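**Student:** turn this into a model:
(2 chains)
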2 protein chains.
Amino acid sequence: MDFSSFLTSLGTSFAIFVVLMFLFAWLSRRPGNAVVYYPNRILKGLDPVDGGSAPRNPFTWIREALSSSEQDVINMSGVDTAVYFVFLSTVLGILAFSGLVLLPVLLPVAVTDHGANSNSNSQTTSNGTFGDLDKLSMGNIAEKSPRLWAFLVATYWVSFITYYLLWKAYKHVAALRADALMSPEVRPEQFAVLVRDVPKATEGQSRKEQVDSYFNAIYPETFYRSLIVTDNKKVNKIWQELEGYKKKLERAEVIYAESKKKGNAEGIRPTNRTGLLGLFGKKVDSIEYYKEKINEIIPKLESEQKVTVREKQQCAAIVFFTSRVTAACAGQSLYAQMVDHWTVIDAPEPRQLIWTNLTINFFQRQIRQCVVYAIVFLVIVFYIIPITFISGITTLANLEKLLPFLKPIVKIDVLRTVLEAYLPQLALIIFMALLPKFLLFLSKTEGIPSGSHAIRAASGKYFYFVVVNVFIGVTIGATVFDTIKTIEKDPNSVVTLLAQSLPNNATFFITYVALQFFVGYGLELSRIVPLIIFHLKKKYLCKTEADIKEAWLPGDIGYGTRVPGDMLVVTIVLCYSVIAPIIIPFGVLYFGLGWLILRNQALKVYVPSYESYGRMWPHIHTRLLAALLLYQVTMFGYIGAKKFVYAPIIVPLVILSLIFAFVCRKKFYPAFCHPPLEVACHELKEIPNMEQIFRSYIPPSLCSEKLEDNQHEDALSRASRSVSVV
Amino acid sequence: MDFSSFLTSLGTSFAIFVVLMFLFAWLSRRPGNAVVYYPNRILKGLDPVDGGSAPRNPFTWIREALSSSEQDVINMSGVDTAVYFVFLSTVLGILAFSGLVLLPVLLPVAVTDHGANSNSNSQTTSNGTFGDLDKLSMGNIAEKSPRLWAFLVATYWVSFITYYLLWKAYKHVAALRADALMSPEVRPEQFAVLVRDVPKATEGQSRKEQVDSYFNAIYPETFYRSLIVTDNKKVNKIWQELEGYKKKLERAEVIYAESKKKGNAEGIRPTNRTGLLGLFGKKVDSIEYYKEKINEIIPKLESEQKVTVREKQQCAAIVFFTSRVTAACAGQSLYAQMVDHWTVIDAPEPRQLIWTNLTINFFQRQIRQCVVYAIVFLVIVFYIIPITFISGITTLANLEKLLPFLKPIVKIDVLRTVLEAYLPQLALIIFMALLPKFLLFLSKTEGIPSGSHAIRAASGKYFYFVVVNVFIGVTIGATVFDTIKTIEKDPNSVVTLLAQSLPNNATFFITYVALQFFVGYGLELSRIVPLIIFHLKKKYLCKTEADIKEAWLPGDIGYGTRVPGDMLVVTIVLCYSVIAPIIIPFGVLYFGLGWLILRNQALKVYVPSYESYGRMWPHIHTRLLAALLLYQVTMFGYIGAKKFVYAPIIVPLVILSLIFAFVCRKKFYPAFCHPPLEVACHELKEIPNMEQIFRSYIPPSLCSEKLEDNQHEDALSRASRSVSVV
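**Tutor:** Residues are numbered from 1 along each chain as shown, chains lettered A, B, ... in the order given. Predicted coordinates for the structure are as follows:
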């Protein structure tokens, strides 16, 4: 890629960004769009616009985002989101401090050296990628030059900045988490533990009795009651049917009411057919038909609910305690002599529970985990083949060769430049978009009981995938396609190859980062896609208020895929920070813009779908350190490839990183695994309403309004009388 | 070593054993020796000999040992000893079952093959070690012979026997431990936790108040009180001085009383000098002088005790709970947000506490551990050099060359044979005897708070040392000394070398094992050395009853060094079991004889010095599996060295071992780390006397009779008034 196509790429990205910004400014001021641009505020019962009467210019949102405090974020979007901003600002800090020193020092050092140019280095000039930009990079330094000292010291500088800021961030996040956990609010999950692998009950004893007597013996004073996990497959089906008919009835009523308003006073009663897809069968009056159906199903549901609670008890339970300390303590202790029985962990939030995973037994979980890891490993290792192929093939020169009919298009100059700039990145981005759902599915298959945990696990897998495949894959791949013969000669040279091919790919990654932040964040802020979808749905599909609300409901901020994406950018920028310092400003822009725009989105748009009190952080921390390690190893390889004899001075840095990781893990991590008791023992605002806590865990299909409050107790007493052991 | 010197070695060992047995039979029947041969029974207040009047023949002890049940062992010597017997019988089982199949199958297969002899294999014949015995080993099988299938299958057989018996043993030990922990007896350590890393107290608050208020907040109902660890250096010194004078006073009184009996009715009052070593200075009346000294010291001790309790409080404490479940729960929970504060673990027994280690802070412990591991690693790696040298040098041929003046001695035939047989083994045994104390010292330096844990840690280090140095060192070493040039040519051939040199060393190890069990267990049973020491002490040193008791007090069974020694034998026998099956009977004899003799010693002699409820077992289990792994890898190497193409069939076995280790660890290990709550929640026999439990943890130097019972409470109230913060 030469310099002009690089500039074109930047230019178009920026142009798209500016257009999207203006679109946002214009669209967000129209009141009809408020539900798309301020849903979080609306759901919280706030005015869409703060102090609606004040004059708002298109940049008010920037002022608002900048002036918002961490506490605002926690109030509007929870601790998890606040932790995400800690991540963004930490990375921003690392890159900014690095840039402050690296840019004014390393750029002049690189640009004034003519070593690499003069000695006709075949590797850097032959493949035509050695553009003007590369003069600013370390590739321009002659081998064995004493100037390499500057780059070596810079590596140390970046590392120490990273240690310092990561340490501060971990401390800060730990404090945030502790504050949230010791809050005087009553939170159901702090009074419960999740019990799995309940062993077979003795003859004549129901699961419920078994669990109750077990925990009563251990916690005679603080045990409240237990909720046995049941096999809800059938009851869920009936309940969904019921909910479906309820919705249809509501719609039919709205249509009837509207027809009254429009046409004749009588109105037209809506009708439908009872057969397949509503297209065949007898034509009936919808309202009557649905009402009838609902009346039919309700008793069916009720009897099924009773059967489920009484007879479909499974080997898992949620146990409630009247004290927060006991619950915290209970989640950390060992219960059974054999570990594959009575596994107890802290209960996740009710909305996070993955019910079907709760009943998977201990050894099956272990085996599933192994199998999933093996699959992920295979995916990571073997996806490198297609992706290497793609990044090699999607240069225009190659495309022309492979697809000759493209030639007339490619001949148009402007198009050519644009295509040349975007093709490889676009291929990459589309490719990457297909993966997260697959990984989330895999993580859920492992048997993880809580949603946030599954998302963390998927996110971790995604990170390794992204780094291995995109970063290492593209870096090596681009070179491999040209120098396939070098590899054949000496297959051991992969590490050297990685190091040597780095500077050539700097411009590729700069455009990648720029595309990500200009186009990605532009789309994010302007919410063009959700806006269009909302308006389309509203016009053609939505009948009732509930339908409309469903159409604009924004979902959560999407940690699972956002973090690995950001991590990829961190990895790229870190690894190139010393080799091609010109990438740093782009990294700073990415995280600065990201912070600003997501702050706006977190405050006004996204609604968190769970709260894990910052448990994502240790995960992010580890991966940031992994990126740092990759950076240090790369620098060692690259400085070594320059035949600089002092390259081993970087080795202590690698060891230091490992020690830092170890110390952080020892010091901070346990508090993220379990709630520390000194935190849990803080006073509560009020005496917890245990009944309410208990009810919050009953799955919706089991808590019908018609059933009495004490249905579970009722079921318990009856189940204890029934002899059949489930 | 040729066949005749092998037989001589066996013969002498056996002769020594027989002599020692007769000595035991004769000596143990003399009543004056009862305190040496039955101290455990005497201390437990039982008759030395069961049913003393019944006729006892020299072999009664064998019947008694065989008929004793596991419960007898637990009653007389604790769970730890019972677990040691589980270890012995498991290994015995493994070897016996292996031998049952391997001996009748593999010996004929090996002996009828003439492959290796005919093809003039230089490696096995040139160095002259290929004796008659080696015909029975795998070395006699020709390369690529299909007979190797038998050895491959045998490897599988031994492995599966091991898995099966280890699984059964782990289950059994876990049950033993659970039974002991759920016993209705009140045991102080089950009501206490050890708290370390107490952070700095706020101004105006004593440690005691700080700890009390902290735990009171978390466990308002079950917290009893706390015992702050104090700096006892000074008070200990005074207390020891006092105890020393008390002992001397007692002795002086006995001497005076005896002199009255013997000579004149007045008696001679003993005198001593007050100066250095009692040799210089003024001559005084001993009884008067010591009484005076004691009266002088007692008030000093009392005031120092008060000062210590009040002002020398350290950053560690023992916290007591009124409920066993809470204490078990408390030892498993996380307390502080930052892990380097408020580290809480289950309290060890009072007699096991290493007081000086309690106050070492968290990060220092981590660092100490790393340093100790590094030292152990260096010791293991670099001791291999002297030991290789020793085992190479201590063959007679080499000694003759190096020390020509030995020639006349060596010429005597009998002496020569004996020396040839024993020299290398003796060198080895003496060498090994110096190490355990050093390793125990290192383990204590790590900052481990309990004695049994330190012994476990030392024992683990010793095992790796022993296996790496003795087994691998000797095996390779003996070959290296002859084939030093082979190594120089190709330093990568160490693994092949290990495998090839194995059969040559089989006879060496057979004699080693035989020496161990005949001479070692002979000495163990006959207790010649303790007997002589006791009689000497009694005659020349002991004056009072207490002195005499001290002279025969037997100490404990010595897990720390016994287990690694046994493990070495297991490793050797396992590794050679298929290569030279003739070693198996020796292994069976070692463990059979060991079981029998130690059963006698456990029931009658040794007094356990601590009880850890079988926590040694996971440790033994892991090391048995390590031995199995070494065996499997060796077999892979050895069968591979025979150029057998199916050798890789052993690889799944190695993976299976790793999976087995993983499963065992997951399933059984946690219950050995922490007491499971379902075990701790069992009913107690009586309401625990908390005051007594508390007092059992007060170090002897702080619990003087003169101080009132409530001294600690007293100190607490006073300390809370004093402003100085310790």
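**Student:** tell me how far residue A:612 lies from chain B.
**Tutor:** Noted for residue A:612: a distance of 17 Å to chain B, by Cβ to the nearest Cβ, to the nearest Å. In this view, the C-beta of every residue, glycine as well, is placed from N, C-alpha and C.
**Student:** now residue A:296
**Tutor:** Going from residue A:296 to chain B by Cβ to the nearest Cβ gives 47 Å.
**Student:** how many residues are close by that residue?
**Tutor:** Residue A:296 has 12 neighbours, counted by other Cβ atoms under 10 Å in any protein chain shown.
**Student:** assumed it was part of a strand.
**Tutor:** No. Under DSSP: H, G, I helix; E, B strand; the rest coil, residue A:296 falls outside any strand and is assigned helix.
**Student:** would you mind measuring from it to residue B:61?
**Tutor:** The span separating residue A:296 from residue B:61 equals 85 Å under the rule Cβ to Cβ, to the nearest Å.
**Student:** swap in residue A:326?
**Tutor:** Distance of residue A:326 to residue B:61, given as Cβ to Cβ: 54 Å.
**Student:** residue ranges in the stretch 451-600 of chain A under the pLDDT threshold?
**Tutor:** The model of the stretch 451-600 of chain A has pLDDT under 70 over residues A:470, A:473-505.
**Student:** that one: helices as residue ranges?
**Tutor:** In the stretch 451-600 of chain A, the segments counted as helices under DSSP state H, counting those that start in this stretch are A:451-466, A:474-482, A:484-489, A:494-515, A:521-526, A:528-540, A:545-552, A:559-577, A:583-604.
**Student:** got CSV for those, with mean neighbour count and distance to chain B too?
**Tutor:** Below are the helices of the stretch 451-600 of chain A laid out as CSV (neighbours: other Cβ atoms under 10 Å in any protein chain shown; distance: least, Cβ to the nearest Cβ, whole Å):
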stretch, mean neighbour count, distance to chain B
helix A:451-466, 23, 18
helix A:474-482, 21, 30
helix A:484-489, 11, 24
helix A:494-515, 22, 22
helix A:521-526, 21, 35
helix A:528-540, 14, 39
helix A:545-552, 15, 40
helix A:559-577, 24, 23
helix A:583-604, 22, 26
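**Student:** residue B:196 is nearest to which of the ones you listed?
**Tutor:** Closest of the helices of the stretch 451-600 of chain A to residue B:196 is helix A:451-466, at 31.2 Å (criterion: Cβ to Cβ).
**Student:** quick one: the closest one to helix A:559-577, angle?
**Tutor:** With axes from the mean of the first three to the mean of the last three Cα atoms, to 10 degrees defining the directions, helix A:451-466 sits at 30 degrees from helix A:559-577.
**Student:** residues contacting the residue nearest to residue A:375 when sequence neighbours are not counted?
**Tutor:** Leaving aside its sequence neighbours, residue A:375 sits nearest to residue A:442 (Cβ to Cβ, 6 or more residues apart in numbering or on different chains; 6.4 Å). Residue A:442 makes contact with A:372, A:375-376, A:458, A:461 under the criterion Cβ atoms under 8 Å, 6 or more residues apart in numbering or on different chains.
**Student:** now residue A:442: how far from residue B:561?
**Tutor:** Taking Cβ to Cβ, one finds residue A:442 at 50 Å from residue B:561.
**Student:** same question for residue A:433.
**Tutor:** Per Cβ to Cβ, residue A:433 is found 63 Å from residue B:561.
**Student:** cool, residue A:233 as well?
**Tutor:** Applying Cβ to Cβ, the value for residue A:233 to residue B:561 is 60 Å.
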